[in-house]
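>>> With the input below, show me the fold.
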Amino acid sequence: MTPARTFVALVHGPVWNRNHERIASAVTHLDLHDIARTARTYGLGGYLLCHPVAAQRELVARILAHWNETENLSAHRRREALRLVRLAPDLEAARATVAEACGEPPFVLATSAASRPGAVGFREVAGHVGARPLLLAFGTGWGMCDEVFDRVDATLESIDVGSGYNHLPVRVAVAIVLDRLLGGFER
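So this is what the prediction gives:
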């Protein structure tokens, strides 16, 4: 698996809220900045922020423009990371963006904090992906709706460290998944 052909998508809708209602969650600055920094650290091809609400995509575009235009030299490293961010209305548009960038459609791998039937293990991912680009989809809120999982190629096993508690912030889950897939760490 090549990091430059690996992409992260953060899906804000459709996702579940705590009452298991279908929603679009709000964008957070922490997720925007921290996932971009993680993507840059691992040398990813990009970070696609997927939001169905145009006003939320416009907000992110304004934030990105601010960091791109600032003269503050200390912002250079953050600006470098934020240049990896692309906006998309949904996961299908993100898939198309990756296909255009890589010249072939990506293998789309969804993630979930909850165990899902048929999920593939971290070690199995390389066998499923082969030489294809990889698009890792992470959900916000209380997880992506079932219809999102119906449109992906596979689901990655959940992060389980044996504590019986699994409620990680999405930006932390992104870092753990990338480290397990690209960092060379053997469990």
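
>>> For residue 29, list the residues it contacts.
By Cβ atoms under 8 Å, 6 or more residues apart in numbering, the residues touching residue 29 are residue 63. (Each C-beta comes from the backbone N, C-alpha and C, glycine too.)

>>> which phi and psi does it have?
When read as degrees, to the nearest 10, the backbone of residue 29 gives phi -60, psi -40.

>>> Residue 88 now?
Dihedral angles for residue 88 - degrees, to the nearest 10 - are phi -150, psi 150.

>>> Burial check on it, number of neighbours?
Residue 88: 21 surrounding residues under other Cβ atoms under 10 Å.

>>> From residue 61, how far out is it?
12 Å (Cβ to Cβ, to the nearest Å).

>>> any idea which helix or strand comes after the worst-scoring helix or strand of the chain on mean pLDDT?
Using mean pLDDT, DSSP states H and E, helix 122-129 stands out as the lowest-scoring helix or strand of the chain, at a mean of 73. Downstream of helix 122-129, the next assigned helix or strand under DSSP states H and E is strand 134-139.

>>> which outside residues touch that following strand?
With contact meaning Cβ under 8 Å, 6+ apart, strand 134-139 is reached by 1, 5-11, 15, 48, 91, 94-95, 98, 106-112, 125, 144, 148, 152, 156, 170, 173-174, 177-178, 181.

>>> Tell me the buried residues in the lengthiest helix in the chain?
In the chain, taking DSSP state H as the definition, the longest helix is helix 54-69. By 16 or more other Cβ atoms under 10 Å, the buried positions in helix 54-69 come out as 56-57, 59-60, 63-64, 67.

>>> which stretches of this protein form strands?
With DSSP state E as the criterion, the chain has strands at 6-11, 15-16, 22-23, 46-50, 85-88, 107-110, 134-139, 154-155.

>>> so which of those comes closest to residue 30?
strand 6-11 (11.5 Å; Cβ to Cβ).

>>> Sheet-wise, list the partners of the closest one with their directions.
The strands beside strand 6-11 in its sheet (DSSP bridges) come out as strand 46-50 (parallel), strand 134-139 (parallel).

>>> mean confidence for the last one?
So that's strand 134-139. Strand 134-139 carries an average pLDDT of 97.

>>> Next, report how far that strand is displaced from the centre of its chain.
Offset of strand 134-139 from its chain centre (Cα atoms, centre = their mean, to the nearest Å): 4 Å.

>>> Please apply the same query to the shortest one.
Here strand 46-50 is found 6 Å from its chain centre; the criterion is Cα atoms, centre = their mean.
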